[in-house]
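A.B. asks: quick one: sequence plus predicted model below, questions after.
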Amino acid sequence: MNSEKDFAPLTSNIVRALNDKLYEKRKVAALEIEKLVREFVAQNNIGQIKHVIQILSQEFALSQHPHSRKGGLIGLAACSIALGKDSGLYLKELIEPVLTCFNDADSRLRYYACEALYNIVKVARGSVLPHFNVLFNGLSKLAADPDPNVKSGSELLDRLLKDIVTESSKFDLVAFVPLLRERIYSNNQYARQFIISWILVLECVPDINLLDYLPEILDGLFQILGDNSKEIRKMCETVLIEFLKEIKKNPSSVKFAEMANILVIHCQASDDLIQLTAMTWMREFIQLAGRVMLPYSSGILTAVLPCLSYDDRKKSIKEVVNVCNQTLMKLILPEDDGDHVRQKTLPHQDAITHESSSGCMNSSDLSDTSLDLSTSNNNGACVTIECPLETLDLDGIVLVLDRHLHDTVTGMMTRIAILKWLYHLYIKTPRKMFWHTDSLFPMLLKTLSDESDEVILKDLEVLAEIASSPAGQTEGHDSSEIISIQNNQTELHIPISSSTPMISSRTRTFECSPSTPTMNSYFFKFMINLLKQFNNEKSLLEIRGPFIIRQLCLLLNAENIFHSMAEILLWEEDLKFASTMVQTLNSILLTSTELFQLRNQLKDLRTMESCNLFCSLYRSWCHNPVATVSLCFLTQNYKHAYDLIQKFGDLEVTIDFLTEVDKLVQLIECPIFTYLRLQLLDVENNPYLIKALYGLLMLLPQSKAFQLLSQRLQCVPNPELMQSTPSEKTTTSNRQVPSEINYNELLQHFEKVQKKHLEIRHQRAGRNNL
């Protein structure tokens, strides 16, 4: 220690007492210092006051000797008490040495520093606010102090400082937020508790609008929400609840866009409380901010979609997520398919304060937007604001949906939600969505193999919308498969009159019937690829094939589907698959309630369109002899059916063939063929029907089907008993055979196709014998 003259105006007794190890002696010295400083204040001797503070700071509080440091701390506190309201003029000099002692290794000295600062702050009150950041920084360290006495002292100082901030209107929030943002990422539980307690206090002060700076601290709050301490989690949850209440009260002043990505990150948290809280915020953001959230849709979906497959253990999260998903979907408008400009009508008061209250002005993207305001009536009730439509991140959305659809671990409810999203996007923004169709199409087709019927139904809805949307219409068909088929097609000549167009020719390949809605180019791609998938996945065709085709007939036009599939199958190189596919299509045609109208259209062949459809189906149905006969029964072409059955003698009769005949006999007994059975009463006008049925009977071995058909034919009345009277004969006429159809050529086509089948079977048998 230097000589006593260096400490003037402090006396030697004061200096010795300040350096003493006993607290009581240091306290006596402090009282002397207080008395001395009061005299200087009375004399307005500012120089001496500063000199005393400097000596206590440099020579004592920052001394290497611990007792001297303790003496310096109590001396500085005494100076502050003596200065009273004037202490604010010397706060920097008083506070800095005390804060330095907060880092001392001696816990007792840290406690004395805390006590000294408490006395300084208590005297200065509001004058300490300009130094708030350094005080807060020091207190945040003491809050995590391992010594309970130090921690207890810091809590007293903390409460005092909170009281001062609460009652003052001079708190500098702008200067404080950067420090708060830094400290909020502390991993220490006590430091976190300290931070949360301060946020709660600041949130309750009317003059402090912490909501403006919420984007700065929101991420840190969610980090704290995951703390291991239940008490801290509860405190943080309370803070977030209060912030959310404030957001709901004043949505116009909330910076939704700046917080959207923060929520997206925490919506994907593994901690249930964090995820539920973030999802709850996201739900409110979407509902309050509306289309301001559209640019963040891809991120939101990344977080939301996996949660839709949560089980009942996370029921609360799933319920919130469902609302988020549905609300976000509703934000997408048809206008998103065009220019990003729209008109928005707001109350007149909102027009005046549009920068703070207009929903479309929340986004930072609109800062340079000019507003064209004009009252809509004499009362000025509303104004029209020209503002750009918030950008829909369609590319990002589609990328997220596609990625989740490709993911093999994606849950069923998530896959359903993805398909609902795709369907919604094709409805609302078809033009833009068709830019993505080529990349989505393969996965949509693959999804038809999903285990869930509900997933397949939604998938078919999307595919049907793609296939029928006018936005997907292109000039010509750009599918290489279609071009290949067209180039290799051989013509099936149909006799026509000069007043009617050709039923079947090269130019009509894959055209829809004039009586049906026009499909776009993707319809044909869909049909071709669907048949390819059935061929590659035999189990899909066997288990789900009929279900898929029936649903498509409901979603699209049944005639278009059968017409296009028939044309594609006509040139199918895998004849075995072609036969199986025809058998499946024929079974659907004859039995499905969805195809009632199509069956009625084929039953009479009274129009050019129905004849065209029959010829188209017939050519492909020739891959399956029994199916061809059933088609003739359906269309009441009984003579041709009889001619076909006559040709069966030249075919290779197999077990599968006989099984199909058996099934046809069973079908004849079904309600679909009621008209056919009733026509058996008119023996005179339907001789070929009876002959055809007898032909089937002769094909069958002695079996239940044989007995069933035999019993039916035994019920056919005797022609002589059923003879009509002369007057009745004049009113009875044979059914007109459509002149547009060349049955001889159809029969030749059948023989040609069956010859190919026979050759392929022989080749296959030859390879198996090698």
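C.D. replies: In hand now; what should we look at?
A.B. asks: from the contact counts, what lies against the helix or strand where residue 757 lies?
C.D. replies: Here residue 757, judged by DSSP states H and E, is contained in helix 743-769. Secondary structure elements in contact with helix 743-769, counted by 3 or more CB pairs under 8 Å, 6 or more residues apart in numbering; DSSP states H and E, are helix 575-591, helix 608-621, helix 625-634, helix 638-647. (Glycine included, C-beta is placed from N, CA and C.)
A.B. asks: tell me the mean pLDDT over the longest one?
C.D. replies: Going back to what we said before, that points to helix 575-591. Summarised as a single mean, pLDDT over helix 575-591 is 94.
A.B. asks: CA atoms of it as CSV?
C.D. replies: Extracted C-alpha coordinates of helix 575-591, given in CSV (Å, rounded to 0.1, in the frame of the first residue of the first chain):
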residue,chain,number,x,y,z
LEU,A,575,-50.4,-61.7,-75.9
LYS,A,576,-50.9,-63.5,-72.6
PHE,A,577,-51.2,-60.2,-70.8
ALA,A,578,-53.5,-58.9,-73.5
SER,A,579,-55.8,-61.9,-73.0
THR,A,580,-55.8,-61.5,-69.2
MET,A,581,-56.4,-57.7,-69.4
VAL,A,582,-59.3,-58.2,-71.9
GLN,A,583,-60.8,-60.8,-69.5
THR,A,584,-60.5,-58.3,-66.7
LEU,A,585,-62.0,-55.4,-68.7
ASN,A,586,-64.8,-57.7,-69.9
SER,A,587,-65.7,-58.8,-66.4
ILE,A,588,-65.8,-55.1,-65.3
LEU,A,589,-67.9,-54.2,-68.3
LEU,A,590,-70.5,-56.9,-67.6
THR,A,591,-70.7,-56.7,-63.9
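A.B. asks: now the end-to-end length of stretch 583-603.
C.D. replies: This stretch, stretch 583-603, spans 19 Å end to end (CA to CA, to the nearest Å).
A.B. asks: which ones are touching the closest residue to residue 213 other than its chain neighbours?
C.D. replies: With CB to CB, 6 or more residues apart in numbering as the measure, residue 177 is the residue that lies nearest to residue 213, at 4.7 Å, once sequence neighbours are left out. Neighbour list for residue 177: 213, 216, 217 [criterion: CB atoms under 8 Å, 6 or more residues apart in numbering].
A.B. asks: for the last one, grab the count of nearby residues.
C.D. replies: As a burial measure, the neighbour count of residue 217 was computed by other CB atoms under 10 Å and equals 21.
A.B. asks: and stretch 38-54, what's buried?
C.D. replies: Of all the residues in stretch 38-54, those buried under the rule 16 or more other CB atoms under 10 Å are 38, 40, 41, 48, 49, 51, 52, 53.
A.B. asks: dump the residue contacts of the third one.
C.D. replies: Okay, so that is residue 41. Residue 41 touches 49, 82, 83, 84, 86, counting by CB under 8 Å, 6+ apart.
A.B. asks: run the last query once more with 7 Å
C.D. replies: Neighbour list for residue 41: 49, 82, 83, 86 [criterion: CB atoms under 7 Å, 6 or more residues apart in numbering].
A.B. asks: does the residue nearest to the spatial centre of the chain lie in a helix or a strand, and which?
C.D. replies: Of all residues in the chain, the one closest to the mean position by CA atoms, centre = their mean is residue 301, 3.9 Å from it. Element membership for residue 301 (DSSP H and E) is helix 297-307.
A.B. asks: after that helix, which helix or strand is next?
C.D. replies: helix 315-330.
A.B. asks: other SSEs contacting that next one?
C.D. replies: helix 272-289, helix 297-307, helix 412-428 (3 or more CB pairs under 7 Å, 6 or more residues apart in numbering; DSSP states H and E).
A.B. asks: ok, and for it, which residues are buried?
C.D. replies: Burial within helix 315-330, assessed by neighbour count using 16+ other CB under 10 Å, is assigned to 317, 318, 320, 321, 322, 323, 324, 325, 327, 328, 329.
A.B. asks: and the angle from it to helix 272-289?
C.D. replies: If you take axes from the mean of the first three to the mean of the last three CA atoms, to 10 degrees, helix 315-330 sits at 30 degrees to helix 272-289.
A.B. asks: what does the average pLDDT come to for helix 315-330?
C.D. replies: Average pLDDT, helix 315-330: 96.
A.B. asks: name the residues that touch that helix?
C.D. replies: Contact with helix 315-330 is made by 272, 275-276, 279-280, 282-283, 286-287, 297, 300, 304, 307-308, 310, 417, 421, 424, as judged by CB under 7 Å, 6+ apart.
A.B. asks: how many residues are close by residue 675?
C.D. replies: Neighbour count for residue 675, taken as other CB under 10 Å: 11.
A.B. asks: repeat for the one 10 residues further on
C.D. replies: Using other CB under 10 Å, residue 685 is surrounded by 15 other residues.
A.B. asks: the one 5 residues further on too?
C.D. replies: By other CB under 10 Å, the residues close to residue 690 number 17.
A.B. asks: so which helix or strand takes in it?
C.D. replies: helix 687-699.
A.B. asks: so which bits of that helix are buried?
C.D. replies: 688, 689, 690, 691, 692, 693, 694, 695, 696, 697, 699.
A.B. asks: which of the buried residues of stretch 38-54 sit farthest apart?
C.D. replies: 38 and 51 (15.4 Å; CB to CB).
A.B. asks: related to what we said a few turns ago, which among the contacts of helix 315-330 end up buried?
C.D. replies: By 16+ other CB under 10 Å, these give 275-276, 279-280, 282-283, 286-287, 297, 300, 304, 307-308, 310, 417, 421, 424 as buried.
A.B. asks: surely residue 469 and residue 430 touch.
C.D. replies: Yes - counting by CB atoms under 7 Å, residue 430 is a contact partner of residue 469 at 5.0 Å.
A.B. asks: spatially nearest residue to residue 137 (excluding sequence neighbours)?
C.D. replies: Residue 137's closest residue in space is residue 179 (CB to CB, 6+ apart), at 6.5 Å.
A.B. asks: okay, now the one you found: neighbour count?
C.D. replies: Residues near residue 179, counting by other CB under 10 Å, number 15.
A.B. asks: tell me who's in contact with it.
C.D. replies: For residue 179, counting by CB under 7 Å, 6+ apart, the contacting residues are 133, 136, 137.
A.B. asks: what about residue 187, how many neighbours?
C.D. replies: Look at residue 187: counted by other CB under 10 Å, it has 9 neighbours.
A.B. asks: tell me the SS of it?
C.D. replies: coil (DSSP: H, G, I helix; E, B strand; the rest coil).
A.B. asks: so for stretch 546-562, what gets flagged as buried?
C.D. replies: Buried, per 16+ other CB under 10 Å, within stretch 546-562: 546, 548-553, 555-562.
A.B. asks: cool, stretch 571-586 as well?
C.D. replies: Those would be 571-572, 575, 577-586, for stretch 571-586 by 16+ other CB under 10 Å.
A.B. asks: can I get these in TSV including distance to residue 519?
C.D. replies: Shown next, in TSV, are those (distance: CB to CB, whole Å):
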residue	distance to residue 519
571	19
572	21
575	27
577	24
578	22
579	26
580	25
581	20
582	22
583	25
584	21
585	18
586	22
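A.B. asks: follow-up on the earlier one: for residue 138, see how far away the residue nearest to residue 137 is.
C.D. replies: Residue 179 sits 11 Å away from residue 138, going by CB to CB, to the nearest Å.
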